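Trainee: Structure for this input, please:
(one chain, ligands or ions: 1)
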Amino acid sequence: MASWDRRTPKQLAKLRDSAVRRQVVDAVAPFSPWWKARLKTLGRKASSVGSLDGLSQLSAVGERDVCPDGDPRGMAALVLQGSESGFALHAEGPVLRRALVSRLARPGSYRSIVEADTRPTSFVWAGLGLQYPLASTRSDLDLVARAGARLWQLLGLTRADVMVSALPTLPTAATRALELAALGAGSPLLAPGDGTDDVAAALRLVPASALAVPAAFAAQLLDDLDEAGAPLEALRTVLLVGAAYDDERAAVRDALKRVGVPESCVVLSAHVPDGHRLLWGECRESAGRTGLHTYPDLEVVQLVDPETGEAPIGGGPLEVVVTQLGFRGTALLRWRTGDLADAIAEEACPSCGRTVPRVTGLRAAALVPPLDLRGGSRSVDLRGVSAALVGRADVLDWRVVVSRSERDDADEVLVHVVPAEAADPAEVAVAVARDVRAAAGLLPTQVVLAAPDDLPAGGSALSPRVLSRQ
Ligand SMILES: [Zn+2]
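Mentor: All right, here's what the predicted structure looks like:
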């Protein structure tokens, strides 16, 4: 079969169908307490979800579905909880045979095979509206490292490249994936944290050819490093971690020019969607024009309606959902990442020719924006706000508007509703506020009663009925 990034659509579909079946039927449905209960509630058998088609008909879920009360401890129910007997029933052929032979000959070794596959040993922090730990097993880390070696190829990096990472030291999926990528690719990586002096010191120690920086602070950091006298002239790749916006990319290019980095230096972006563990990247040939390349044998990336989590009906930006293939630990099916994207391009990349799905126009965590509300700063899950409004009998139509108050500059979440004719408007306003609080964990700044032709328009649409005017 062709290599992972050159497979034909037919080869890919076949491979993915069987990988989805293995992941759903053999791993997630029997061993994830949350999904076990969920499928039972939905009245669906694992086998009916265990194909690409079956998976697409499953409602997407996010952190608020798993932790409805906002308590991050609920996320533990997504971690696969296998036992030795469960492993014997569900492990794949060759792994199982190896384990069974070991059980006879070397009992300790049998345990280590079972544990490598099912026991979480490593954690990173994730979460948008709430913070929770993501669990990885040894075999998960192997998958992340393997994907990382591919990322290096995609970015056009080789073993000869030396990377300095200016990402914060907090263990996140992005920092872990970058470390494992360097390990998998055999490249040296120095990660001193995000302090300018520390990064400058690292750059003085090694002749870095690649620099990884958080997308939002990259331009500023380059200026600061230049001021600190850090050597930057050997740079040939700047990796913006966190799905860079066009203006951030442009600012980095300007900054590179200012600090005297040769024009041949390429600016690329990489991103781990929240909850996931794989770092998607842009190919070097595209210089960032053809979107984030994904790993079709290790994940299924799909788009859903950001208001409902169901298959999209209309156009507009859609929410990215991820299903992991082959992962144990915290295993995600149809996971709502909070990222918006324009499309998933399935045709071969016009720049590099790889036949992997590419996510274009990604806006990281756009559905859970950090807001400075009068009651304090927090990330607000607008999917929860929408969930409280979709399909209500007492509301004809609605809009959610996130904007900044002219009076005191605080952010506001305004909910505009058109009450149904038979409903008492005052009661509708109270019920809407109560349900938004239950679904999103906060009261709207105001519930505005509106006439059907009087709903707000304008601003950037996060979904057809959720507008941002920040
Ligand atoms: Zn490409």
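Trainee: is the ion contacted by the top helix by length along the chain?
Mentor: When the chain is parsed with DSSP state H, its longest helix is helix 138-155. No: Helix 138-155 stays clear of the ion (Cβ under 5 Å from the ion), getting no nearer than 7.2 Å. C-beta: built from backbone N, CA, C; applies to glycine.
Trainee: Mind giving me the packing neighbours of the helix or strand that that helix is followed by?
Mentor: The helix or strand immediately downstream of helix 138-155 is strand 163-165, counting by DSSP states H and E. The contact analysis (3 or more Cβ pairs under 8 Å, 6 or more residues apart in numbering; DSSP states H and E) places strand 163-165 against helix 173-185, strand 189-190, helix 196-205, strand 210-214.
Trainee: can you rerun that using 6 Å?
Mentor: strand 210-214 (3 or more Cβ pairs under 6 Å, 6 or more residues apart in numbering; DSSP states H and E).
Trainee: next one: the strand it packs on to chain centre, how far?
Mentor: Put simply, strand 210-214 sits 19 Å off its chain's centre (Cα atoms, centre = their mean, to the nearest Å).
Trainee: And the helices in the stretch 201-350 of the chain?
Mentor: Along the stretch 201-350 of the chain, the stretches classed as helices by DSSP state H, counting those that start in this stretch are 218-227, 246-258.
Trainee: Show me how far the longest helix of the chain is from its chain's centre.
Mentor: That offset, for helix 138-155, works out to 16 Å (Cα atoms, centre = their mean).
Trainee: packing partners for that helix?
Mentor: If contacts are counted by 3+ Cβ pairs under 6 Å, 6+ apart, helix 138-155 sits against helix 107-118, helix 173-185, strand 280-281.
Trainee: So which of the helices of the stretch 201-350 of the chain has the densest surroundings on average?
Mentor: Most buried of the helices of the stretch 201-350 of the chain, by mean neighbour count (mean count of other Cβ atoms under 10 Å): helix 218-227, with a mean of 19.
Trainee: Could you check how far Ala255 is from Gly291?
Mentor: The gap separating Ala255 from Gly291 is 24 Å, by Cβ to Cβ, to the nearest Å.
Trainee: typo on my end, it should be Leu141
Mentor: Relative to Gly291, and taking Cβ to Cβ, Leu141 is found at 27 Å.
Trainee: who touches the residue positioned nearest the centre of the chain in this structure?
Mentor: The centre of the chain sits closest to Pro273, judged by Cα atoms, centre = their mean, with a distance of 1.2 Å. By Cβ atoms under 6 Å, 6 or more residues apart in numbering, the contact set of Pro273 is Val320, Val322, Thr337, Asp339.
Trainee: isn't the first one right up against Thr337?
Mentor: Meaning Val320. Yes: contact criterion Cβ atoms under 6 Å: Val320 and Thr337 qualify, at 4.8 Å.
Trainee: The two: who's more crowded?
Mentor: Val320 (30 against 26; other Cβ atoms under 10 Å).
Trainee: if we can go back for a sec, tell me the one of the contacts of Pro273 nearest Gly70?
Mentor: Gly70 lies nearest to Thr337 out of these, by Cβ to Cβ, at 18.5 Å.
Trainee: Tell me the pLDDT of the closest one.
Mentor: We have a pLDDT of 98 for Thr337.
Trainee: what do you get for Pro68?
Mentor: 88.
Trainee: re earlier: winner for burial among the helices and strands packed on helix 138-155?
Mentor: Stretch with highest mean neighbour count among the helices and strands packed on helix 138-155: strand 280-281 (a mean of 27; mean count of other Cβ under 10 Å).
Trainee: near the ion, anything from that strand?
Mentor: No: figure legend: strand 280-281 not in contact with the ion (Cβ under 5 Å from the ion); closest approach 9.4 Å.
Trainee: Renumber starting at 21 from here on
Mentor: In the new count, where the first residue is 21, that last one comes out as strand 300-301.
Trainee: what helices or strands is that strand leaning on?
Mentor: Using 3+ Cβ pairs under 6 Å, 6+ apart: strand 300-301 touches helix 158-175.
Trainee: Among the contacts of Pro293, which one lies nearest to the ion?
Mentor: Val340 (18.3 Å; Cβ to the ion).
Trainee: Next one: that closest one from Glu319, what distance?
Mentor: Distance, Val340 to Glu319, using Cβ to Cβ: 11 Å.
Trainee: same question, Arg93
Mentor: 26 Å.
Trainee: swap in Arg427?
Mentor: 45 Å.
Trainee: Looking at those two now, which is surrounded by more residues?
Mentor: Glu319 (27 against 7).
Trainee: list the contacts for the more buried one?
Mentor: Val342, Gln344, Leu345.
Trainee: Then Arg224?
Mentor: Contacts of Arg224 by Cβ under 6 Å, 6+ apart: none found.
Trainee: before we move on, what about Ala49?
Mentor: Leu59, Ala66.
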